[in-house]
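Asks: Quick one, what's the 3D model for this:
(one chain, ligands or ions: 1)
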Amino acid sequence: MINIKNIRKSFEDMEAVKNVSLHINKGSIYGLLGSNGAGKTTLLKILAGIYRQDSGEVQIDNQSVFENVQIKQKIIFLPDTLFFFSQYTIKQMADYYRSLFPSWNEERYQRLGEVFPIDQNKKVHRLSKGMQRQVAFWLTLSTMPEVLILDEPLDGLDAVMRQKVKNLLVQDVAEREMTVLISSHNLREVEDICDHVGILHHGEIMIERDLDDLKSDIHKIQVAFKAGETPAGFLQDLDVLYQESRGSVLLCIVRGKEEDVKDKVQSFHPVLFDILPLTLEEIFIYEMGDVGYAIESIMV
Ligand SMILES: Nc1ncnc2c1ncn2[C@@H]1O[C@H](COP(=O)(O)OP(=O)(O)OP(=O)(O)O)[C@@H](O)[C@H]1O
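Replies: You can find the predicted model right below:
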């Protein structure tokens, strides 16, 4: 559905996106993660047709996005800094969206008024930051987008509202195969809804995988040996991303299939051995460490 091929984008002499390729299937929720300044927002804006890439292709349903009005009516980009016309009420903003998007669904708009309990006659600018974000989702989801591009989408929402919004997103994906691309630093928030993740660093995609596959391929192990000494060859046998000693216990983050890691560790006859899954946040931290993003003593 979304195909990005070898795109590059520079701002003056600074290359923000370097030869990025991505494929996002229809009906999937893709988490775009990355360090500060990695190029996430630039990539999202290229995909939304706001920026034009310097080279490469960006296609949705096999059509180029930039200056393509038809495709742009199917996409909504919700930036981290929201825009509303000053002086407009929610109702007036809804009129504007209604005129802009042929796919606007009035029944959905009215139903979502129960999820977002805000008076439609209120001026959007006078609402709190979190309430403005609720309005943004209210209007956005009423347009029934085929592709939803979200930059830090849950910022400012309270815990109940975050859950409600996540449920609405998942519901639209399940019921009408909406495709969602989310960029967020809040990995705990995106972990439970994304099915794919891509990690961007210095403008390049480091990892792009199905989230379950990614999680099944990286583990935290705690291991200790008789006499407190790590046997020669133990670490060389494993694909270690990070290691730290705590007394006689060695803590490691290792890549590999769980069964293979278990077999290798057990062949060294440890007196203590635990293998634990990692959260997406931990995977992100250790993968970033592997490409030289400083991590020290952050084992959790
Ligand atoms: N309009 C612009 N003009 C010049 N440089 C820009 C512009 N927009 C982004 N950049 C630069 O491009 C790089 C990538 O920025 P971008 O906003 O895409 O990163 P990001 O991954 O979204 O970062 P963050 O997580 O901090 O929001 C940064 O070095 C930034 O300074």
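Asks: use CA for all of it now, contacts and neighbours both
Replies: Will do.
Asks: How is this protein partitioned into domains?
Replies: As assigned by automatic domain parsing, the chain contains the domains 2-210, 217-290.
Asks: deepest of those, which one?
Replies: The highest average neighbour count among those, using mean count of other C-alpha atoms under 10 Å, belongs to domain 2-210 at a mean of 18.
Asks: what distance separates that one from the middle of the whole chain?
Replies: Chain-centre distance of domain 2-210: 11 Å, with C-alpha atoms, centre = their mean, to the nearest Å.
Asks: out of the domains of the chain, nearest to the ligand?
Replies: Across these, the ligand has its closest neighbour in domain 2-210 (3.2 Å, C-alpha to the nearest ligand atom).
Asks: can you give me the helices for the stretch 1-150 of the chain?
Replies: 40-47, 69-72, 90-100, 106-115, 129-142 (DSSP state H, counting those that start in this stretch).
Asks: could you dump the domains of the chain to a markdown table with mean pLDDT?
Replies: Below are these laid out as a markdown table (pLDDT from 0 to 100):
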| stretch | mean pLDDT |
| --- | --- |
| domain 2-210 | 93 |
| domain 217-290 | 91 |
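Asks: could these be laid out in CSV, adding distance to the ligand?
Replies: Converted to CSV, the domains of the chain look like this (distance: least, C-alpha to the nearest ligand atom, whole Å):
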stretch, distance to the ligand
domain 2-210, 3
domain 217-290, 14
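Asks: mind checking how far the residue nearest to residue 5 when sequence neighbours are not counted is from residue 125?
Replies: In space, and not counting its chain neighbours, residue 5 is closest to residue 21: 4.4 Å by C-alpha to C-alpha, 6 or more residues apart in numbering. According to C-alpha to C-alpha, to the nearest Å, residue 21 stands 38 Å off from residue 125.
Asks: Could you do residue 196 as well?
Replies: Residue 196 is 35 Å from residue 125, where distance means C-alpha to C-alpha.
Asks: The residue of the chain positioned farthest from its centre and residue 248: what is the separation?
Replies: Most distant residue from the mean C-alpha position of the chain: residue 227, 44.4 Å away (C-alpha atoms, centre = their mean). Distance of residue 227 to residue 248, computed by C-alpha to C-alpha: 9 Å.
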